[in-house]
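> Model the structure of this input:
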Amino acid sequence: MEWLNTWTDRLWEPWLLGLFLFTGLWYSAATGFFQLFGLRRWLKATLGKLLRPSGSRETGGLSQTQALATALASTIGTGSIAGVATAIFYGGPGAVFWMWVSALLGMMTSCAEKTLAVRYRERAPGGGWQGGPMCYMARGLGRRGMAALFSLCCVGASLAGGNLVQANSISTALRASLGWDPLAVGLGVALACGAVILGGVGRIGRVSERLVPLMALLYLGGGAAVLLARASAVPAALAAIWEGAFSPRAALGYGMGAALRYGVARGVFTNEAGMGSSAMAHAAARVDDPAEEGMWGVFEVFVATLLVCTVTALVILTTGVYNPEEALSAIASGTVADAMLGAPLSAAAFSTVLGRWGGLLVAVCLLLFAFTSLVGWSYYGERGLAWLTGGSRGRTLYRPLFLGAIVLGSVGDLSAVWNLADLWTGLMALPNLLALLLLTPEALRLLRPWVSGRTVRSP
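Residues are numbered from 1 along each chain as shown. Predicted coordinates for the structure are as follows:
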């Protein structure tokens, strides 16, 4: 599918890459780089609350931790395992640096998204709240056409990056580690996913709240064990990341453009900052101060990319499973095999230290990561469709289509699936980034007390 790759490259290079970075830089500069200098404040508002739960008995919508878990369920997905490996394979070690940059700047993009999502949300028909970029485009900017475009692209992204990629990575990992048939895996995952999404956002939030901490701790624990065993190789890996990020033609053979393109694209895919998708989960949170929810947006990107993805990248680069010469040769000759990138590459890296259990660990974590991503993205797709149809009329068609796409993605081609995901991700992000820039005055008005350190306790 050369045409698909061509159109994806035209969309991302350089226009969308620049817009993602510019939006993050714009909000970072406007808030005095709050993600760095306000570190203590946003950690206290997020991690501090996780460590000291309030025990609130409020009903309707999602709790803040459920909203965070639902958002992390879609962000800590295959991008954290398969996406990082794919970025390194196609963009070289330097892609990791640009993933970090996109995450650092994206922390404030994510903060603005969540703040505006709560500011312009609306009451849900069954109680609680609902909202997202389509609401702040229509209510904040008065541009319903932009909201409709975003919603349409959101539905497409939910079926591509939010579905096909996740399903493909699950089946690829389980086939590589356990020899399971991809079609059988796809059918099983579709049935399990269907059982969750039929319960709506409430059930999705409850399932995510239980699974996300478990899967994150399991994966980070395994990664820490590998890095401790390969501690002597960490400095060389960091040096390769730095060199690949800034050399016009790095010693390994990758250009800076490839590192920038794949690093930012995969970074966006893993933390969704600027896409507007996870803002829909946060809009359903039980919170009074919009900016308070914005703090969770900062924390979300920190966990999804700067923590989880960094572990994946260093494990791959310190264990010797990634060979840049072989990768470049395969790319040039068009002989890239599924086993050379994505989840199989990550599994091979963990297996160098943990043996057979390493591949099994990656397979189990990927199953949990991708499954929670699937249920999270099903909600985003339904929200986009609800905006387009004015209600729940399209749900009866969308849900079978979404579950069928899981089966299709399980047996599809990995490279084509990632290109399709990048295309829809870019189309979805474009109107959202423009809306965030246009709504800068309102976002800054809401964030000003937090940025200045004069936070007000929510009623």
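> contacts and neighbour counts: CA atoms only from here.
Fine.
> where exactly do the strands run in the stretch 251-400 of the chain?
For the stretch 251-400 of the chain, no strands are identified by DSSP state E, counting those that start in this stretch.
> next one: the stretch 101-250 of the chain
Remark: strands assigned in the stretch 101-250 of the chain by DSSP E, counting those that start in this stretch are 122-123, 129-130.
> mean confidence score for the last one?
Averaged over strand 129-130, pLDDT sits at 86.
> Could you do the first one as well?
Within the predicted structure, the mean pLDDT of strand 122-123 is 89.
> before we move on, what about stretch 408-424?
77.
> Can you list the buried residues in that stretch?
For stretch 408-424, a neighbour-count test (16 or more other CA atoms under 10 Å) marks 408-412, 414-415, 417-424 as buried.
> Leu11 belongs to a helix, doesn't it?
Yes: assigned with DSSP: H, G, I helix; E, B strand; the rest coil, Leu11 falls within a helix.
> Counting neighbours, what do you get for the nearest residue to it once chain neighbours are set aside?
Sequence neighbours aside, Gly426 is the residue nearest to Leu11 in space, at 7.0 Å (criterion: CA to CA, 6 or more residues apart in numbering). Applying other CA atoms under 10 Å, we find 24 residues neighbouring Gly426.
> And what about Gly426, helix, strand or coil?
Per three-state DSSP, Gly426 ends up helix.
> Deepest-packed of the strands of the stretch 101-250 of the chain, please.
strand 129-130 (a mean of 22; mean count of other CA atoms under 10 Å).
> What distance separates the opening and closing residues of stretch 344-363?
Stretch 344-363 has an end-to-end distance of 9 Å (CA to CA, to the nearest Å).
> sorry, that was for stretch 129-149
First-to-last residue span, stretch 129-149, CA to CA: 22 Å.
> How about stretch 298-313?
21 Å.
> Could you pull up the mean pLDDT of it?
89.
> Now do it: distance to the chain's middle.
10 Å (CA atoms, centre = their mean, to the nearest Å).
> Show me what that stretch is in contact with.
By CA atoms under 8 Å, 6 or more residues apart in numbering, the surrounding residues in contact with stretch 298-313 are 35, 42-43, 46, 68, 71-72, 75-76, 80-81, 84-85, 88, 96, 99-100, 103-104, 106-108, 110-111, 216, 220, 223-224, 267, 270-271, 273, 346.
> And those, which of them are buried?
Buried among the contacts of stretch 298-313 (16+ other CA under 10 Å): 35, 42-43, 46, 68, 71-72, 75-76, 80-81, 84-85, 88, 96, 99-100, 103-104, 106-108, 110-111, 216, 220, 223, 267, 270-271, 273, 346.
> before we move on, back to that, to Gly384, which of the strands of the stretch 101-250 of the chain lies closest?
strand 129-130 (11.3 Å; CA to CA).
> What helices and strands are in contact with the closest one?
Secondary-structure packing of strand 129-130 (3 or more CA pairs under 8 Å, 6 or more residues apart in numbering; DSSP states H and E): strand 122-123, helix 278-283.
> which one of the ones you listed is the most hemmed in?
Taking mean count of other CA under 10 Å, helix 278-283 is the most buried of the helices and strands packed on strand 129-130, at a mean of 32.
> counting contacts, what elements does that one pack onto?
Using 3+ CA pairs under 8 Å, 6+ apart, helix 278-283 is in contact with helix 64-75, helix 94-119, strand 129-130, helix 356-389.
> Ile88 against Ala95, yeah?
Yes: counting by CA atoms under 8 Å, Ile88 touches Ala95, with 6.0 Å between them.
> okay, the helices and strands packed on strand 129-130 in a markdown table with distance to Ala173 next?
As requested, those are exported to a markdown table (distance: least, CA to CA, whole Å):
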| stretch | distance to Ala173 |
| --- | --- |
| strand 122-123 | 40 |
| helix 278-283 | 26 |
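> circling back to that earlier point, for Ile88 and Ala95, list the residues in contact with both.
Tyr262.
> Quick one: distance of stretch 260-277 to the chain centre.
7 Å.
> between the buried residues of stretch 408-424, which is closest to Ala435?
The closest of the buried residues of stretch 408-424, once distances to Ala435 are taken by CA to CA, is Trp424, at 17.6 Å.
> from memory Pro324 sits against Phe89, does it?
Yes: in terms of CA under 8 Å, Pro324 counts as a neighbour of Phe89; the distance is 7.5 Å.
> who's more crowded, these two?
Phe89 (26 against 18).
> Now that one: which helix or strand?
Here Phe89 sits within helix 84-91, counting by DSSP states H and E.
> now for that helix, which elements pack on it?
Applying 3+ CA pairs under 8 Å, 6+ apart, one finds that helix 84-91 contacts helix 94-119, helix 256-271, helix 310-319, helix 324-333, helix 342-354.
> Restricting to C-alpha, output the fourth one in CSV.
Taking Å, rounded to 0.1, in the frame of the first residue of the first chain, the C-alpha atoms of helix 324-333 are listed here in CSV:
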residue,chain,number,x,y,z
PRO,A,324,20.3,-0.8,12.8
GLU,A,325,22.1,-2.2,9.8
GLU,A,326,19.6,-5.1,9.4
ALA,A,327,16.7,-2.7,9.9
LEU,A,328,18.0,-0.2,7.2
SER,A,329,18.6,-3.0,4.8
ALA,A,330,15.1,-4.5,5.3
ILE,A,331,13.5,-1.0,4.8
ALA,A,332,15.5,-0.3,1.7
SER,A,333,14.7,-3.7,0.1
